[in-house]
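Student: Here is a sequence together with a model predicted from it:
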Amino acid sequence: MPKTLQFFLLAVGVIALLAVLGEIGYSIAATTHGNTPARVVHVQAGPYPLTVNLYTYPARASYALPFSIAPQQPINGTLTYDISSLPDPSDVPATPVRASVTPDPNVHNGIQGNAEITVQGDWTLDIVVNGVAGSGEASVPIVATAPPAIPPWLGWVIGLIPFYGLLVFLLMQRGRKKRQEQTPVTA
Amino acid sequence: MAKTLHGIALSSSSKPSVLSLRAVWALRLALGLTALLGAIVFLEGSSWDIQWHSLIGRDRTLIPPHVMMLIGVTISGLSGLLTVCIESLWARRSEIVKKHSTNFVAIFYGPLGAYIVGFGALLAAVAFPLDAYWHTLYGIDVRIWAPFHIMFAASMGIVALGAVYMLVSVARLAKGQNDALTTRVAYAGAVVALATMMSLFTILLFDALRGGNLLRLGSLRLSVFPLLSSILIAFIFVVAVYAIPRRWAATSVVTCYCLLAGVMAVFVQPATDWLLTVERLSYRRASHPFTSLVALQWFLTPIVAAILIDVIIYQARQKHWSQRKLTMSLALCALISGAFPLVPGSPLLPVGQLLQVGVAGFALSLLIGLGGSFLGTTFGRNVGESLRTLEG
């Protein structure tokens, strides 16, 4: 293989590796809660008035949407939550996703968690609360955005890269065999 | 005195050389098998992922099947990287390591297979976030023929090919040192690696049988399945019979191919049931299959093709067939799998295919498939022969 091609492949490999590491770092960073919510919504879930804090807004599709929920006034007993993000059925096709939640150590009966929004478009954060006063449900509409779109043809051009690589490799094996056949055998 | 010193120098330098060569093949064997393990983990994870998407729907990005696939990518990628890093360090001190490895950009030394493993794993790692991005734009679907699904699975198929190169390199080095056990283990690993590569590309073949993916040529409808299947089957089995100096090499590969599907059949549906309960999800439909959907679509005709190819190779070696006659016979055998896609879950699929494209369309599809079969045979022979002479 020519040296120039080897250096080119090395450069591409290093850039790809950095891109992957950057993406992993960005995904992890997306799950962390900031100090200031980007959007605050007050909802009534049955008998429970709640404050919903969204730490990224609009949501970024395919990344976690960090949120926290807290009762607006002290509530006796313990509240349990069941949170899901629901896609708008008339929008880009997707399936509902259950959010991961943990109790908020600073707020009694409060929780914090990450909702996953898998596709761009309109979504709803569905909140089901259960407590001593019964159960209640509330919905928070969410808009999810995606990075600029790549056209399908470009997606295919990129997606078939393994086959270009494989084809070049197979052709090089052919060339290697020919070179071996042409090399005179020395005693 | 000088003569004595010279004698000592010779014996003391030759023993470490043998030791370092043993260390080289031990490293390549361990990390080659680890790379192969990564590819197998990815394959089984893919089957689980297809089950999850089809029966439950794609929900979170990091659902357990995706995590399993990413673990496979990571294991393989680290294996390739470690092999190159360690051998590059060894090559600074040992000429024998340099002699038995492939140089890259004048800095790195390692088996060619390790570079292929690294390249494949890196491409797969890039494909995963691109796939998530594609889904954010165009929605969630269960089609396998989406750009980054193909990139993801094909990249790991390349990883399995890299494992073949690493393990055959081990077998050749060990054979040169008369280590029969290591030679056998390495060749057995290469057989499993070829089966894994075949399995990963098999997953990409499923959508070729979908009615929506037929090509239209005027009034004719053409199936691309014979073309793609024949290229794959011819390539894998011909590599096996040329690179692995054992009788029934292709049959061994197809046996492992069926075993890999067996693992899917056993583990995928119970794992899906279990996680469904743990994650409090529900099936989209009331009824669901008892086993892996992928295992139900696993192609059975390659079993026949593999046995025929082994018999033909034996006959050709006994009776000194011409290259042309051998190539034609191998290509025709590989075409069988493209012509009759027999699967456990749908025994009448070949008839359905014939009805879908009509007799004329079927005949033309087979003719194109024969071209693919020749191509696969030629590439397979080149790779098989290059494997026999590499880094030994």
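Tutor: Thanks, I have it.
Student: Quick one: low-confidence residue ranges for chain A.
Tutor: Low-confidence segments of chain A (pLDDT under 70): A:31, A:91-92, A:176-187.
Student: ranges for the strands of chain A?
Tutor: With strands called from DSSP state E, chain A shows them at A:39-45, A:48-54, A:59-60, A:64-71, A:80-87, A:97-98, A:100-103, A:111-116, A:121-131, A:134-145.
Student: Go through the longest one and flag the buried ones.
Tutor: So the one you mean is strand A:134-145. A:136, A:138, A:140, A:142, A:144 (16 or more other C-beta atoms under 10 Å in any protein chain shown). The C-beta positions use only the backbone N, C-alpha and C, and glycine is treated the same way.
Student: ditto for the second one
Tutor: Using 16+ other C-beta under 10 Å as the test for burial, strand A:48-54 gives A:48, A:50-54.
Student: what angle separates that strand from strand A:121-131?
Tutor: 140 degrees (axes from the mean of the first three to the mean of the last three C-alpha atoms, to 10 degrees).
Student: Direction included, what does strand A:48-54 pair against?
Tutor: strand A:39-45 (antiparallel), strand A:64-71 (antiparallel) (DSSP bridges).
Student: roughly how far apart are A:Asn130 and chain B?
Tutor: 14 Å (C-beta to the nearest C-beta, to the nearest Å).
Student: so that residue bridges to which residues?
Tutor: The bridge-partner assignment for A:Asn130, based on DSSP bridges, gives A:Thr80, A:Ser135.
Student: isn't it right up against A:Leu79?
Tutor: Yes: using C-beta atoms under 8 Å, A:Asn130 is in contact with A:Leu79, at 7.0 Å.
Student: Between these two, point out the one with more neighbours.
Tutor: A:Leu79 (23 against 17; other C-beta atoms under 10 Å in any protein chain shown).
Student: and that one, what is it in contact with?
Tutor: Contact analysis of A:Leu79 by C-beta atoms under 8 Å, 6 or more residues apart in numbering or on different chains lists A:48, A:71, A:109, A:129-131.
Student: So what's the residue count around B:Val351?
Tutor: Neighbours around B:Val351, by other C-beta under 10 Å: 11.
Student: Please see if the helix or strand where it lies touches chain A.
Tutor: Under the criterion of DSSP states H and E, B:Val351 resides in helix B:349-389. Yes: contact of helix B:349-389 with chain A (C-beta under 8 Å from any C-beta of the partner chain) involves B:378-379, B:382-383, B:385-386, B:389.
Student: Show me what that helix is packed against.
Tutor: Applying 3 or more C-beta pairs under 8 Å, 6 or more residues apart in numbering or on different chains; DSSP states H and E, one finds that helix B:349-389 contacts helix A:161-182, helix B:147-176, strand B:220-222, helix B:225-243, helix B:323-339.
Student: how does it look with 7 Å?
Tutor: Judged by 3 or more C-beta pairs under 7 Å, 6 or more residues apart in numbering or on different chains; DSSP states H and E, the packing partners of helix B:349-389 are helix A:161-182, strand B:220-222, helix B:225-243, helix B:323-339.
Student: could those be laid out in a markdown table, adding distance to B:Val170 and mean neighbour count?
Tutor: Shown next, in a markdown table, are the helices and strands packed on helix B:349-389 (distance: least, C-beta to C-beta, whole Å; neighbours: other C-beta atoms under 10 Å in any protein chain shown):
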| stretch | distance to B:Val170 | mean neighbour count |
| --- | --- | --- |
| helix A:161-182 | 19 | 14 |
| strand B:220-222 | 43 | 18 |
| helix B:225-243 | 13 | 28 |
| helix B:323-339 | 27 | 21 |
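Student: CSV for these, including distance to B:Arg210?
Tutor: Below are these laid out as CSV (distance: least, C-beta to C-beta, whole Å):
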stretch, distance to B:Arg210
helix A:161-182, 20
strand B:220-222, 13
helix B:225-243, 10
helix B:323-339, 16
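Student: I'd like to know which of those lies nearest to A:Ile83.
Tutor: helix A:161-182 (38.6 Å; C-beta to C-beta).
Student: Quick check: the closest residue to B:Ala190 other than its chain neighbours vs B:Gly32, distance?
Tutor: Spatial nearest neighbour of B:Ala190, chain neighbours left out: B:Leu167 (4.2 Å); criterion: C-beta to C-beta, 6 or more residues apart in numbering or on different chains. Distance of B:Leu167 to B:Gly32, given as C-beta to C-beta, to the nearest Å: 5 Å.
Student: what touches both of those two?
Tutor: Counting by C-beta atoms under 7 Å, 6 or more residues apart in numbering or on different chains, the shared contacts of B:Leu167 and B:Gly32 are B:Gly189.
Student: Ramachandran coordinates for B:Ala26?
Tutor: Dihedral angles of B:Ala26 (phi, psi; degrees, to the nearest 10) stand at phi -60, psi -40.
Student: List the contacts of it.
Tutor: B:Ala26 neighbours (C-beta under 7 Å, 6+ apart): none.
Student: Tell me how far it lies from chain A.
Tutor: Separation of B:Ala26 from chain A (C-beta to the nearest C-beta): 27 Å.
Student: pLDDT at that residue, what is it?
Tutor: Per-residue confidence (pLDDT) for B:Ala26: 92.
Student: got it, and B:Asn213?
Tutor: The model's pLDDT for B:Asn213 equals 83.
Student: Quick check: phi and psi on the residue nearest to it when sequence neighbours are not counted?
Tutor: Leaving aside its sequence neighbours, B:Asn213 sits nearest to B:Asp207 (C-beta to C-beta, 6+ apart; 5.8 Å). Reported as degrees, to the nearest 10, the phi and psi values for B:Asp207 are phi -70, psi -20.
Student: my read: B:Asp207 touches B:Trp145, true?
Tutor: Yes: using C-beta atoms under 7 Å, B:Asp207 is in contact with B:Trp145, at 4.1 Å.
Student: what is in contact with those two at once?
Tutor: Residues touching both B:Asp207 and B:Trp145 by C-beta under 7 Å, 6+ apart: B:Asn213.
Student: Could you check how far B:Ser322 is from B:Thr378?
Tutor: Counting by C-beta to C-beta, the gap from B:Ser322 to B:Thr378 is 15 Å.
Student: wait, I meant A:His33
Tutor: According to C-beta to C-beta, A:His33 stands 58 Å off from B:Thr378.
Student: residues in the stretch 1-150 of chain B within reach of chain A, list them.
Tutor: Selection of the stretch 1-150 of chain B residues close to chain A by C-beta under 7 Å from any C-beta of the partner chain yields B:57-61, B:104-105, B:119, B:122-123, B:125-126, B:129-130, B:132-137, B:139-141, B:147-148, B:150.
Student: In strands, which of those residues fall?
Tutor: Members of the residues of the stretch 1-150 of chain B next to chain A lying in strands (criterion: DSSP E): B:Phe104.
Student: In the sheet, which residues pair with B:Leu222? Tell me.
Tutor: Where B:Leu222 sits in a bridge, its partners, by DSSP bridges, are B:Leu215.
Student: so what's it up against?
Tutor: Applying C-beta under 7 Å, 6+ apart, we find B:Leu222 in contact with B:214-215, B:357, B:361, B:364-365.
Student: can you do 6 Å?
Tutor: Shown in contact with B:Leu222 (C-beta atoms under 6 Å, 6 or more residues apart in numbering or on different chains): B:215, B:361, B:364-365.
Student: Could you do A:Ala16 as well?
Tutor: Going by C-beta under 6 Å, 6+ apart, A:Ala16 touches B:122, B:126.
Student: if we can go back for a sec, Throw the residues of helix B:349-389 next to chain A into CSV and include pLDDT and distance to B:Val241, thanks.
Tutor: Shown next, in CSV, are those (pLDDT from 0 to 100; distance: C-beta to C-beta, whole Å):
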residue, pLDDT, distance to B:Val241
B:Thr378, 94, 14
B:Phe379, 94, 14
B:Asn382, 92, 13
B:Val383, 93, 12
B:Glu385, 90, 11
B:Ser386, 89, 14
B:Thr389, 83, 16
